Each structure stands twice: as structure tokens, then as C-alpha cells.
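Participant: take this sequence and fold it.
(one chain, ligands or ions: 2)
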Amino acid sequence: MARAIVRLPKLRQLENIKIRNESFSLTGEASSFVNDALRRRFCSDYDLAHTMSVPASVTITRRAGYSMQTKITTDPIEAAAHIMRGDIVAFPTETVYGLGANVFDAAAVAKIFKAKRRPADNPLIAHVASREQIDLLAAEITESAENFINAFFPGPLTVVVRKVEAVPLIATAGLDTIGIRMPAFKVASEFLSACGVPVVAPSANLSGRPSPTTWEAVLEDLNGRIDCILKGEPTEIGLESAVVDCSSEIPVLLRAGSVSLEQLREVVPGTRGISTGFGDVARSPGLLHKHYSPRAGVVLLGGDEISDQISEQTAFIGLSKVPDGFALVKQCDSVEQYAHSLFEFFRECDRAGIAVIYCEKVQETGLGAALMDRLRRAAE
Ligand code: TXA
Ligand code: MG
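Facilitator: Ligands and ions are numbered 1, 2, ... in the order given. Alright, predicted model coming up:
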């Protein structure tokens with residue numbers, strides 16, 4: 001059969017066809033051809049953006065849908081101008097890259113949920129540049145919230161308090177509380193100061209995928225789906241912020257992060273640890289959703305079980321030195337480096353078509369507790 005070279009759209013857009021039939025229409029053999037290519041992981045996102053040889057009888061026509069040009073800039077002022085226009089913008093923080101919109105602009109906030117394919121019941125964190133901006137969001141700052149803010153802002157901690165009415169319910173997924181965080185990363189503060197309003201931002205990945213720790217990872221998931229990426233350095237910590245609910249008398253840690261439970265208890269001794277009790281799940285609906293998953297399988301194991309798993313289809317990340325034979329290996333010097341590298345390693349494994357990623361367990365103290373939380377969720 002004669003063959004033609006056809007320029008194919010990006011993988012994410014192709015997934016739209018498969019999942020929702022939204023952005024493109026395929027006729028003839030194209031649909032099965034592309035699905036087959038995807039199933040065999042024949043091409044990465046980038047390969048698919050290039051050209052592929054397909055049977056000439058196939059026609060691929062583009063329909064309206066996600067086709068926006070994603071602007072990439074290193075200028076925080078330019079990125080902030082997009083926010084003021086009602087656009088959505090990815091930006092670096094010390095934890096992971098976020099995908100931001102003006103908190104008071106319900107239409108812009110709705111774009112975040114659409115671009116990420118985020119379930120509407122998962123609330124967003126508002127990012128502020130100053131203490132004054134906290135008062136634009138919070139109806140009440142409880143004593144524990146005040147103490148955590150004084151001790152840990154700016155930094156990788158999100159404090160949940162009751163919200164003012166001006167914050168649209170779409171931002172908080174219908175809750176009467178809002179998570180607030182003041183990033184410490186220099187570019188993030190410059191960007192947020194230039195925005196002049198608090199910016200709600202979930203992690204800048206497609207829902208369920210590993211959070212992005214580089215601007216390239218943002219592009220991989222969201223190219224053509226968002227208006228702008230503020231390109232910065234890779235993030236420092238690599239895991240998302242700790243989330244502590246201070247809306248009632250006793251604070252509760254809802255999500256582990258690099259600010260540990262031990263550190264929170266030094267400031268407010270009664271702080272409760274993470275519980276999977278029904279009440280706490282209701283307090284943080286995001287915990288119910290699948291998170292941080294690479295396409296590869298994830299298996300947790302102890303240092304002494306590693307050598308049994310070596311194969312050309314498998315990868316390893318952890319602290320131990322491992323024998324040769326894995327397709328990909330990331331041996332980290334510390335728990336900090338492990339946390340920093342984890343999500344990018346997951347993505348690297350997916351690009352390489354790895355079947356199973358073996359992740360070494362670590363001790364659950366300090367940052368180790370947050371790392372184990374992410375590993376368990378990825379392995380679910
Ligand atoms: O480090 C981070 O927190 C990053 C950067 C961009 O700041 N953001 C981030 O956002 O990880 P996201 O949307 O991926 O995770 C937000 C988490 C979810 O588990 C959500 O349920 C919880 O915070 N959360 C947000 N607002 C909440 C609220 N009002 N009450 C309870 N939980 C809330
Ligand atoms: Mg997230």
C-alpha cells in the first residue's frame with residue numbers, strides 16, 4: 001500500500017480523540033493506527049509531534065479544540081500580565097510547578113480544571129506574595145494558623161482556614177475553607193507580587209500524573225492546553241507542600257510535606273497527624289483521588305529485596321547501591337535527593353517505556369514521611 005507522511009498532532013491531543021473524541025476526527029484506518037501506536041508506546045509525546053509514516057488511505061483532519069499556543073517566558077512580569085488578562089500560567093515554586101489563575105476570576109479558575117482534567121471536587125491552594133494578601137482570602141485566622149504562618153511562611157506549608165465570600169466556590173470545590181501558601185522561591189514571589197492578586201494553583205500536571213518539577217515536564221503534560229509557562233529552574237524540594245487544616249480548634253495535617261509533623265508540633269503541640277478516618281477524607285477531598293502515577297507499575301521494596309528484581313524492563317530508585325542490570329537507576333545520596341528526583345525519574349521511566357519501577361522504602365520521619373506517602377499513592 002502507498003504510504004504518506006502525515007504531520008500528527010501531539011500525544012495529549014490524540015488522547016483527547018481516544019478518550020473524549022474532542023479535538024480531532026480520524027477516519028479510515030487512522031484511528032486504529034494511532035491507537036495501536038499509542039498502545040505499543042511506539043512514540044513519545046515529542047515523536048508524535050513530528051512526522052510519521054502512515055498508510056495513504058488514512059486521512060487525519062484537525063478539528064477545533066485545544067490548539068492554543070503556549071507561550072514560554074522567563075519574565076515574571078510578562079507571565080503576570082497573562083494572569084491579569086484571565087489566562088492560566090504555570091510557574092515554578094520551591095515544591096513543584098503550579099498552574100495559576102487569579103483567585104477572584106471564576107472563569108479563569110474554571111480553565112485550570114479543564115486544562116488539567118481535574119475533578120471538580122478537588123480544591124485549589126491560593127498562593128500569596130504578602131501577609132496583606134492573606135487577609136483578602138481568610139475570614140478568620142485561628143491562633144494555630146497565625147502561629148504556623150509566623151513560623152513557616154514563606155515556605156512549603158499550606159494552611160487551611162475559613163474563606164471570605166469573595167473567593168468563588170469553584171476555587172475551593174464548594175468548601176467554605178481555603179488553603180493558603182506563600183512560596184519562598186524567588187521567581188515565584190516576583191511573579192506573585194507582579195500579579196497583584198492571590199493566585200490559585202494546583203500542581204501543573206495532568207490530573208493523576210506525577211507533579212512537574214521542571215518546566216519541560218509542564219510542557220510535556222500541558223503544551224497547547226495553557227496560555228503560558230514561566231520557565232525557571234527545577235524545583236528545590238520536589239514534593240508538594242504539607243497541608244495543615246487550621247479551620248477548627250485542633251489543627252490536622254492533611255498532606256505530609258517537607259515541613260514535618262514533628263516541626264508542626266514544635267509550634268502547635270496538639271497538631272494531629274494524618275488519619276484516613278472518614279472525617280478527614282471529607283476535609284481534604286483531594287486525598288481520595290489517584291495521584292503521582294507514572295504509566296509504569298510502581299513497587300515498593302526493602303533494600304535486601306532489590307537484586308531479585310533486576311531486568312531490562314525494570315528501573316530502580318532509592319538510597320542503596322544496586323548491581324548492574326536495571327534499565328534505569330537513580331541512586332540517591334540522601335532522602336532529600338530522593339524526594340527531589342522522584343517525580344522526574346517517574347517521567348523518565350515512562351519516556352523509556354519501563355514496565356515496573358522499584359522504589360526503595362525509607363524511614364518515615366521528617367521528609368521521609370512525605371516521600372513514603374507519595375510512593376504509596378503511586379503504588380496503589
Ligand atoms: O506544593 C504545593 O502545594 C503545590 C504548589 C504548586 O504550591 N500545589 C499543589 O496543589 O500540590 P494540588 O492542587 O496538586 O494539591 C492541593 C492539595 C489537595 O490534596 C487538596 O485536596 C488540598 O491540597 N486542599 C486544597 N484546599 C483545601 C481545603 N480548603 N481543604 C482541604 N484540603 C485542601
Ligand atoms: Mg497535584
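Participant: which one's the longest helix in this structure?
Facilitator: Longest helix in the chain by number of residues (criterion: DSSP state H): helix 335-351.
Participant: now for Glu233, how many residues are close by?
Facilitator: Number of residues near Glu233 (other C-beta atoms under 10 Å) recorded here: 11. (C-beta placed from N, C-alpha, C; glycine too.)
Participant: need the contact list for the closest residue to it other than its chain neighbours.
Facilitator: Excluding its sequence neighbours, the residue lying closest to Glu233 (C-beta to C-beta, 6 or more residues apart in numbering) is Pro92, at 6.6 Å. Listed by C-beta atoms under 8 Å, 6 or more residues apart in numbering, the contact set of Pro92 reads Phe185, Val187, Ala188, Trp215, Leu230, Gly232, Glu233, Thr235.
Participant: as a markdown table, those residues with pLDDT, distance to Met372 and secondary structure would be great.
Facilitator: Shown next, in a markdown table, are the contacts of Pro92 (pLDDT from 0 to 100; distance: C-beta to C-beta, whole Å; DSSP: H, G, I helix; E, B strand; the rest coil):
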| residue | pLDDT | distance to Met372 | secondary structure |
| --- | --- | --- | --- |
| Phe185 | 97 | 25 | coil |
| Val187 | 98 | 29 | helix |
| Ala188 | 98 | 27 | helix |
| Trp215 | 97 | 27 | helix |
| Leu230 | 98 | 31 | strand |
| Gly232 | 97 | 28 | coil |
| Glu233 | 96 | 26 | coil |
| Thr235 | 98 | 20 | coil |
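Participant: show me which of these are buried.
Facilitator: Among the contacts of Pro92, the ones that count as buried by 16 or more other C-beta atoms under 10 Å are Phe185, Val187, Ala188, Trp215, Leu230, Gly232, Thr235.
Participant: wait, the fifth one sits on Pro76?
Facilitator: Yes. Under the criterion of C-beta atoms under 8 Å, Leu230 is in contact with Pro76, at a separation of 6.2 Å.
Participant: quickly list the domain ranges of this structure.
Facilitator: Taking automatic domain parsing as the domain assignment, the ranges for the chain are 3-62, 71-288, 297-379.
Participant: now, of the ones you listed, which is deepest in the fold?
Facilitator: The highest average neighbour count among those, using mean count of other C-beta atoms under 10 Å, belongs to domain 71-288 at a mean of 20.
Participant: where does the prediction get shaky in the stretch 251-380 of the chain?
Facilitator: Within the stretch 251-380 of the chain, the segments meeting pLDDT under 70 span 275-291.
Participant: residues contacting stretch 139-146, please?
Facilitator: With contact meaning C-beta under 8 Å, 6+ apart, stretch 139-146 is reached by 134, 138, 149, 159, 161-164, 246-251, 268, 271.
Participant: quick one on the thing from earlier: shared neighbours of Leu230 and Pro76, anything?
Facilitator: Residues touching both Leu230 and Pro76 (C-beta under 8 Å, 6+ apart) are Phe91, Val187, Phe191.
Participant: surely the last one is in a strand?
Facilitator: No. According to DSSP: H, G, I helix; E, B strand; the rest coil, Phe191 belongs to no strand; its state is helix.
Participant: would you mind measuring from Ala110 to Asn223?
Facilitator: Applying C-beta to C-beta, to the nearest Å, the value for Ala110 to Asn223 is 20 Å.
Participant: just checking, Val167 touches Ile134?
Facilitator: No. Contact criterion C-beta under 8 Å: Val167 and Ile134 do not qualify, at 12.0 Å.
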